[in-house]
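Q: Give me coordinates for this.
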Amino acid sequence: MKELFTLCSPMLTWRMQKIAVPAGVVIPEGVTVVFGPNGAGKSTLGNIIAKGWNITTNRITTSREQKPSVKMIEFGDIHSLAGFHTEYYQQRLEATMNDDVPSVGDLLGTRMAMPRWGELASRFSLEHTVEKKVNYLSSGELRKLLLVNALLDAPELLVLDNPYIGLDAVSRDVFNDTLREVAREGTSVMLLLCNPAEIPDFTDMFLPIDGMELGNPIYAQNGCDDVTAMRETAWSMMDYAVDLSAIPLRRMEVTPHDITFALRDCRVAYGSTVVLDHVDWTVRKGECWSLSGPNGSGKSLLLSLIFADNPQAYSNDITIFDKRRGSGESIWDIKRRIGYVSPEMHLYFRSGGTVAEVVAQGLRDTIGNFGSVSAEAREEAMRWLRLFHLEGVADMPYRNLSAGMQRLVLIARTFIKHPDLLIFDEPLHGLDAARKRAVRAVVNEIARRDSPTLVYVTHYLPEVPESVTRRFALQGR
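A: Modelled structure (predicted):
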């Protein structure tokens with residue numbers, strides 16, 4: 001196995017974070033998996049390898065004449081790719097406010113003339129996105145665009161932080177086929193993962209990390225047997241659980257109503273592009289539904305009609321909590337009764353507040369605007385943080401957490417007001433396998449105990465909580 005580079009320092013640093021390293025860890029050419037639970041230090045290590053070679057305390061050597069070119073991809077990179085930041089995440093649905101937002105074609109420019117673009121766009125089904133504004137892309141489409149854009153640069157090492165989340169089953173298979181081909185063509189790949197099932201069959205090296213400390217690597221020398229050992233080691237690192245009896249109690253009953261929401265022959269279009277057409281769906285109080293569909297089928301867009309984010313709700317026949325939309329209620333009347341978390345909300349959530357403030361502000365239905373948090377609101381936030389073992393980071397800035405830990409904070413924020421309707425749009429994105437189990441268990445217990453209405457979106461049936469007994473599916477275009 002040929003060396004790509006060697007981690008020689010006993011301690012590697014990146015922005016005040018330190019990672020302990022065993023003596024002389026060799027990163028080989030091919031496919032390396034860095035595996036650990038949420039908050040273990042995976043993204044920190046990725047940043048060190050991508051951008052930290054010049055830090056004097058980081059001694060990283062290579063037998064090559066010069067440092068290999070490295071490209072790292074994180075989901076938040078869409079902002080740097082696009083060169084803009086959307087101040088309010090509702091803006092992505094307001095056509096009159098998006099004139100300056102680039103389309104996919106605008107971003108790629110002359111790169112679309114590269115032969116590799118046509119091949120990759122076809123492989124990942126991105127041809128139809130060229131005219132789309134980037135803030136109209138689904139979570140899965142965004143991830144595929146970031147990957148394709150990086151592959152066009154042909155780096156010697158591609159570092160991918162949790163690349164599988166947001167991809168439907170077909171796209172996952174395509175992604176693995178592409179990674180195998182990329183590695184065969186000479187581009188090495190480093191995957192930063194937190195779910196054992198995602199470790200590819202063609203992994204060459206497994207590097208565990210936990211508590212900001214690298215473990216001893218496992219190198220694949222016996223094919224499938226070694227990959228099986230890697231997955232077994234990964235599962236042994238998944239030891240997180242929650243005490244369901246500690247779930248804070250609901251303080252009042254679900255507000256009386258019959259129909260939680262009803263969509264009747266709904267249609268959503270942007271320009272000449274019809275995204276949703278002839279959608280009929282009625283959900284009654286206390287029902288638990290899953291919403292499914294391939295990447296780009298309009299799942300998140302449909303939910304935006306319910307959550308009062310989308311102005312096209314007023315041109316459709318929509319009832320929410322027994323009231324027809326446009327009958328005088330404000331969007332805040334609706335949002336007050338809904339708890340909502342989604343990949344888009346996470347992407348645009350750029351809070352300067354502490355973790356406790358972010359959770360407590362869930363009681364006010366605001367993103368940002370962190371004023372004083374009352375002692376009562378903080379204590380309620382702390383109950384949820386203790387449930388998810390986050391009390392130790394309560395006073396840390398939210399933005400300093402890893403993406404997986406941020407997602408867990410946003411889930412706690414969704415639960416805090418005990419809403420009549422819980423909307424979980426891919427809620428487990430970025431969570432490790434143990435934390436996924438824990439969140440599903442909390443959802444099941446709240447559904448059993450409090451009987452809220454629930455809509456749950458995921459591409460992966462094993463992630464659907466047992467309390468979800470009804471199904472609604474959108475078809476791909």
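
Q: which residues does Ala154 contact?
A: Thr187 (Cβ atoms under 8 Å, 6 or more residues apart in numbering). All C-beta spots, glycine's among them, are computed from the backbone N, C-alpha and C.

Q: That one - that's part of a helix, no?
A: No - Ala154 sits outside any helix when classified using DSSP: H, G, I helix; E, B strand; the rest coil, being coil.

Q: Just give the number of residues close to Leu421.
A: Leu421 sits with 23 neighbouring residues when counted by other Cβ atoms under 10 Å.

Q: what do you get for Val101?
A: 16.

Q: Let me see the backbone angles for Leu4.
A: phi -100, psi -50 (degrees, to the nearest 10).

Q: so what's it up against?
A: 27-29, 62, 68, 156-157, 188.

Q: switch to 10 Å and redo it
A: Taking Cβ atoms under 10 Å, 6 or more residues apart in numbering, we find Leu4 in contact with 26-30, 32, 49, 62-64, 68, 70, 156-157, 188, 190, 205.

Q: Trp281 now?
A: Applying Cβ under 10 Å, 6+ apart, the residues near Trp281 are 261-264, 266, 289, 291, 302, 306, 455, 472, 474.

Q: beta partners of it?
A: Counting by DSSP bridges, Trp281 forms beta bridges with Leu263.

Q: any idea how far it is from Arg324?
A: For Trp281, the distance to Arg324 equals 16 Å [Cβ to Cβ, to the nearest Å].

Q: Can you tell me the SS state at the residue of the chain most remote from its centre?
A: In terms of distance from the mean C-alpha position of the chain, Glu65 ranks first, at 37.6 Å (Cα atoms, centre = their mean). Put simply, Glu65 is coil when judged by three-state DSSP.

Q: Look up the pLDDT of it for me, please.
A: Glu65 is assigned a pLDDT of 83 by the prediction.

Q: Show me how far the one helix or strand Leu179 maps to is from its chain's centre.
A: According to DSSP states H and E, Leu179 maps onto helix 169-184. Between the centre of helix 169-184 and the centre of its chain there are 19 Å (Cα atoms, centre = their mean, to the nearest Å).

Q: and after it, which helix or strand comes next?
A: strand 188-193.

Q: what packs against that following strand?
A: strand 3-7, strand 25-28, strand 31-35, helix 42-51, strand 70-73, strand 157-161, helix 169-184, strand 205-210 (3 or more Cβ pairs under 10 Å, 6 or more residues apart in numbering; DSSP states H and E).

Q: between those, which one is nearest to Trp117?
A: Closest to Trp117 of the helices and strands packed on strand 188-193 is helix 169-184 (Cβ to Cβ; 13.6 Å).

Q: For stretch 205-222, the averaged confidence score.
A: The model assigns stretch 205-222 a mean pLDDT of 93.

Q: Can you list the buried residues in it?
A: 205-210, 212-215, 217-220 (16 or more other Cβ atoms under 10 Å).

Q: any idea which element the residue lying closest to Pro196 once chain neighbours are set aside lies in?
A: Nearest in space to Pro196, with sequence neighbours left out and distances taken as Cβ to Cβ, 6 or more residues apart in numbering, is Ala234 at 3.7 Å. According to DSSP H and E, Ala234 maps onto helix 224-236.

Q: can you check Val439 too?
A: Using DSSP H and E, Val439 falls in helix 433-450.
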